[in-house]
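> got a structure for you, letters missing:
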């Protein structure tokens, strides 16, 4: 992966966007307060209304931009998580196949040994059975 974009990165981006929105809203509030203080007649009031409407539209657009950015980053992160999960699943399947092959080889070896030395295999099985019986009887 060229870049490792993590959940913390996404949180930081969203936090930065929220801080930008907060700063924009604060600036809008200051501008509105200043405009209100300067209002002396109906013409100024109309200007303030238009200015406030413009500022509100700007704030709304900024908010929509931040939401859009957060959605895009979230989708990117979900895609990366999905591809990593697929990679891990394939690796798990490959490992399971290796284990199954190893178990099959071991089974074949044991079968050959039992065929070559059946008495020894029977003795080992009896000894293991006796030990398991002793262990279980003590409980």
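That came in fine, so what should we check first? Note that this is a predicted model, so its numbers are computed, not measured. Numbers count the residues shown, from 1 in each chain.
> which helices and strands does the helix or strand that contains residue 82 pack with?
Under the criterion of DSSP states H and E, residue 82 resides in helix 42-116. Using 3 or more C-beta pairs under 8 Å, 6 or more residues apart in numbering; DSSP states H and E as the contact criterion, the elements in contact with helix 42-116 are helix 7-38. Backbone N, C-alpha and C define where each C-beta goes, glycine included.
> could you give the angle of the helix it packs on to helix 42-116?
Comparing the axes of helix 7-38 and helix 42-116 via axes from the mean of the first three to the mean of the last three C-alpha atoms, to 10 degrees yields an angle of 170 degrees.
> so, low pLDDT: which residues of this structure?
Per-residue confidence of the chain (counting by pLDDT under 70) places the weak regions at 1-5, 36, 38-45.
> nearest residue to the middle of it?
residue 81 (5.5 Å; C-alpha atoms, centre = their mean).
> got a list of what the residue nearest to residue 48 when sequence neighbours are not counted touches?
Nearest residue to residue 48, sequence neighbours excluded (C-beta to C-beta, 6 or more residues apart in numbering): residue 35, at 4.5 Å. By C-beta atoms under 8 Å, 6 or more residues apart in numbering, residue 35 lies in contact with 44, 47-48, 51-52.
> against residue 113, how distant is the most far-flung residue of the chain relative to its centre?
For the chain, the C-alpha farthest from the mean C-alpha position belongs to residue 119; by C-alpha atoms, centre = their mean, that distance is 57.4 Å. Summarising the geometry, the distance separating residue 119 from residue 113, computed by C-beta to C-beta, to the nearest Å, is 12 Å.
> got it, and residue 26?
Distance from residue 26 to residue 113, counting by C-beta to C-beta: 81 Å.
> more neighbours, those two?
Neighbours per residue (other C-beta atoms under 10 Å) separate residue 26 from residue 113, with residue 113 holding more: 13 against 10.
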